[in-house]
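*Asks:* Prediction below, plus the sequence it came from.
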Amino acid sequence: MDQTSTLEKVLRRVAISLVILFFMFPIFWIVLMSFQTNETILRVPPSVIFEPTLSNYVALVTGKLETQAGTLEINFMSNLWNSLFLSAGSVAVGLILGIPAAYAFGRIKFRGSEDIAFTLLSFRFAPPLLVLLPLTIYFQKIGLADTYFGLIWVYQLIVLPLILWIVRGYFEDIPADIEYAYRIAGHSWFSTFRTVALPLAMPGIAAAGLLAFIFAWNNFIFALVLASADKQPVTVGALAFVTASGIQYGQVAAGIVLSILPTLALALYAQRYLVEGLSLGAVKG
Amino acid sequence: MSDAAVPAKRKGFRISPGALPYVLSLPALLVCIGILVPFFTAVAYSLQRYRLSQPWARRWNWGENYWNFLSDSSFWNTLKVSLTYAILTVGLELVLGLCIALLLQKRTRFNNFVSIMLLMPLMTAPALASLMWKLMTNPGFGILSYFASLIGFEDFRWASDPSTAMLTVVLVDMWVYTPFIMILLLAGLRSLPKQPFEAAALDGVPRLFVFWRITLPMLTPYLLTATLFRVIESVQQFDIIYAMTQGGPGDKLTVFQVEAYLNFFQSTNVGRSAALLMILWVITYVLSMIFIKQWLKLRERQRGEI
């Protein structure tokens, strides 16, 4: 590839710039909007020159929106809190359930282990509504409707297969000899698991946990179907926010920025693991 | 850990080695069985005449919900819209993702930086991505509506116009998911062996020929994995479309899950909704079986190379 002509170099630069423009512009523009009032947003032609204001963020944090009709109470902060609680809770539950199972599937091959593992993986690909619609009726009957517990349980549908399959791969990659040696020295399987396998699989567990958190945070359909207003995460809450009338567009933008910030930050922090996790370990990054 | 503590623990708590894996995986299985029950309920619903608004008329009608689909034009519309959406999004994302991966193939600092930046749309919740694009395509102040008017499309209505609604949601889908295909293919490209390319360069083989005859065939397993994975997700797309137009305008964007959602919550026709989802499930099940086979092959290959 040494014989690249200047023309090709120029074309490459142009192409890369267009790619960056397409993928970065929406984020850039929404961030800009979030620092504007309706007055500057509604200008024609639009312009990037304006006096930045924090009023949108202040309104969201304090929960009071000033509109022409008067002050509107909104609880966007509680949506953020719900997202955090639901995502963190379901990842914690997912790890507690998933790590032992991943160890069983990855290290101790047993009858039916592959079949069970595949069944669990196939949940990842089933249409979520198929399960969610009957669940709405069941949850109402058994009193789980609109509870955090019920939601976290259903979130396992996304979180568990992910954790199971990534962590399983890591357990498989640990040479079995290390564990055998430790067990021959007279240690129980549990202490072998705790002192040998677990620390060696830690990078995988961390990666799976972070990714699972991002996916749980970004989930929309589960909460849309099962959660009422006071349990809604940001994805559903933001939608209701937009359709509410008399709202300042800058505040919608600020709400979106606050909602995507956590996952973007986590993704940048964990980018090394993303490729592997996204493809369920099919491709090493 | 002291030696004295270990034997004590073994006496107190012992599981026979044969049962151990079952004990370890049981909690995860139990949680998932809780999810399997509603699955079978959905199968039952799909075989019933069941409307939430008329619970007294609920009865088994066996295959009638499915049978009715044959003469139901809105079912065929759903199938058509879903397939169009899946083919358009995955096709365009594949081409664009491959081009970007080729552009960023060299491991330079700048290229790595760009590929990390491109992860940001992928990590944005699809529903929120739709809202971002909704703000940008608003007829009153949307920057994209303004751009459209600059290049001569006065009053370009994006998602609210039946003729451009599909284009708009496809664009949002491309914005979110092209990076997924891109990073998968980039990982594939960078893991290809160097020798064939060096040999081709020595022999002065034209670069286009190298691409078609060496790069593309060697990349095929990665392309297949990415395609299958995306098709499975895309044919089930709900978030982007629901957040953007809730299936409208009219029935322009009523893909499977959106149609099933509307059937359940608006027309409260549980039977039809469940039957629709069963058909979608069959489609994704077949695709996912092919995907898993392909994925296992790729995984074996990767492991062989390490």
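*Replies:* Structure received. Residues are numbered from 1 along each chain as shown, chains lettered A, B, ... in the order given.

*Asks:* average pLDDT across stretch B:82-97?
*Replies:* For stretch B:82-97, mean pLDDT rounds to 96.

*Asks:* err, stretch B:281-299, not the other one
*Replies:* The model assigns stretch B:281-299 a mean pLDDT of 85.

*Asks:* Same question for stretch B:66-76.
*Replies:* Rounded mean pLDDT across stretch B:66-76 is 89.

*Asks:* tell me which residues in that stretch are buried?
*Replies:* B:66, B:69, B:75 (16 or more other C-beta atoms under 10 Å in any protein chain shown). For the C-beta atoms, the positions are set from N, CA and C on the backbone; glycine is no exception.

*Asks:* quick check, nearest of these to residue A:228?
*Replies:* Closest approach to residue A:228 among these (C-beta to C-beta): residue B:75, at 31.2 Å.

*Asks:* domains of chain A?
*Replies:* A:6-73, A:78-278 (automatic domain parsing).

*Asks:* winner for burial among these?
*Replies:* Most buried of the domains of chain A by mean neighbour count (mean count of other C-beta atoms under 10 Å in any protein chain shown) is domain A:78-278; its value is a mean of 20.

*Asks:* the helices in the stretch 1-150 of chain B, which residues?
*Replies:* B:5-12, B:20-46, B:64-69, B:73-103, B:109-117, B:119-123, B:126-136, B:143-150 (DSSP state H, counting those that start in this stretch).

*Asks:* One more: the stretch 151-285 of chain A?
*Replies:* A:176-184, A:189-192, A:198-200, A:202-218, A:221-226, A:234-243, A:249-269, A:271-278.

*Asks:* average pLDDT for the shortest one?
*Replies:* Confidence over helix A:198-200, taken as the mean pLDDT, stands at 88.

*Asks:* Contacts for that helix next, please.
*Replies:* A:99, A:170, A:174, A:178, A:205 (C-beta atoms under 8 Å, 6 or more residues apart in numbering or on different chains).

*Asks:* what pLDDT does the nearest residue to the second one once chain neighbours are set aside get?
*Replies:* Ranked by C-beta to C-beta, 6 or more residues apart in numbering or on different chains and with sequence neighbours excluded, the top spatial neighbour of residue A:170 is residue A:204, at 3.1 Å. Per-residue pLDDT puts residue A:204 at 86.

*Asks:* Which residue is the nearest non-sequential neighbour of residue B:138?
*Replies:* residue B:145 (6.7 Å).

*Asks:* gap between the one you found and residue B:195?
*Replies:* 52 Å (C-beta to C-beta, to the nearest Å).

*Asks:* the more surrounded of those two?
*Replies:* residue B:145 (21 against 8; other C-beta atoms under 10 Å in any protein chain shown).

*Asks:* I'd like the distance from the helix or strand containing residue A:77 to the chain centre, please.
*Replies:* Following DSSP states H and E, one finds residue A:77 within helix A:76-106. Chain-centre distance of helix A:76-106: 11 Å, with C-alpha atoms, centre = their mean, to the nearest Å.

*Asks:* again, but for stretch B:16-30
*Replies:* That offset, for stretch B:16-30, works out to 32 Å (C-alpha atoms, centre = their mean).

*Asks:* again with stretch A:259-268
*Replies:* Distance, stretch centre to chain centre, for stretch A:259-268: 9 Å (C-alpha atoms, centre = their mean).

*Asks:* That one and chain B, are they touching?
*Replies:* Yes: using C-beta under 8 Å from any C-beta of the partner chain, stretch A:259-268 reaches chain B at A:259-260, A:263-264, A:266-268.

*Asks:* count of residues packed around residue B:55?
*Replies:* Residues near residue B:55, counting by other C-beta under 10 Å: 10.

*Asks:* just residue B:53 next, same as before
*Replies:* Count around residue B:53 with other C-beta under 10 Å applied: 9.

*Asks:* Skipping adjacent residues, who's closest to it in space?
*Replies:* Spatial nearest neighbour of residue B:53, excluding adjacent residues (C-beta to C-beta, 6+ apart): residue B:268 at 4.8 Å.

*Asks:* I'd like the mean pLDDT over stretch A:92-99, please.
*Replies:* 94.

*Asks:* Now do the strands in the stretch 1-150 of chain A.
*Replies:* Using DSSP state E, counting those that start in this stretch, the strands of the stretch 1-150 of chain A run over residues A:64-67, A:70-73.

*Asks:* residues touching the residue nearest to residue A:222 when sequence neighbours are not counted, list them.
*Replies:* Nearest non-adjacent residue to residue A:222, counting by C-beta to C-beta, 6+ apart: residue A:154, 5.4 Å away. For residue A:154, the contacting residues are A:131-132, A:135, A:222, A:226, B:35, by C-beta under 8 Å, 6+ apart.

*Asks:* Residue A:258 too?
*Replies:* A:57, A:60, A:76, A:80, A:234.

*Asks:* Need those residues in TSV (columns: pLDDT and distance to chain B).
*Replies:* Formatted as TSV, the contacts of residue A:258 follow (pLDDT from 0 to 100; distance: C-beta to the nearest C-beta, whole Å):
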residue	pLDDT	distance to chain B
A:57	88	16
A:60	84	15
A:76	84	13
A:80	92	12
A:234	90	7
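
*Asks:* just checking, residue B:243 touches residue B:125?
*Replies:* No: distance between residue B:243 and residue B:125: 9.2 Å, which falls outside the contact criterion (C-beta atoms under 8 Å).

*Asks:* intersection of neighbour lists for the two?
*Replies:* residue A:220.

*Asks:* And stretch A:193-213, end to end?
*Replies:* 25 Å (C-alpha to C-alpha, to the nearest Å).

*Asks:* ok now that stretch, how far from the chain's centre?
*Replies:* 18 Å.

*Asks:* got it, and stretch B:208-216?
*Replies:* With C-alpha atoms, centre = their mean, you get 28 Å for stretch B:208-216.

*Asks:* Now distance to residue B:100 and pLDDT too, for the residues of stretch A:259-268 next to chain B, in a markdown table please.
*Replies:* A markdown table is the format used below for the residues of stretch A:259-268 next to chain B (distance: C-beta to C-beta, whole Å; pLDDT from 0 to 100):
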| residue | distance to residue B:100 | pLDDT |
| --- | --- | --- |
| A:259 | 26 | 92 |
| A:260 | 21 | 92 |
| A:263 | 21 | 91 |
| A:264 | 19 | 91 |
| A:266 | 23 | 88 |
| A:267 | 18 | 85 |
| A:268 | 19 | 85 |
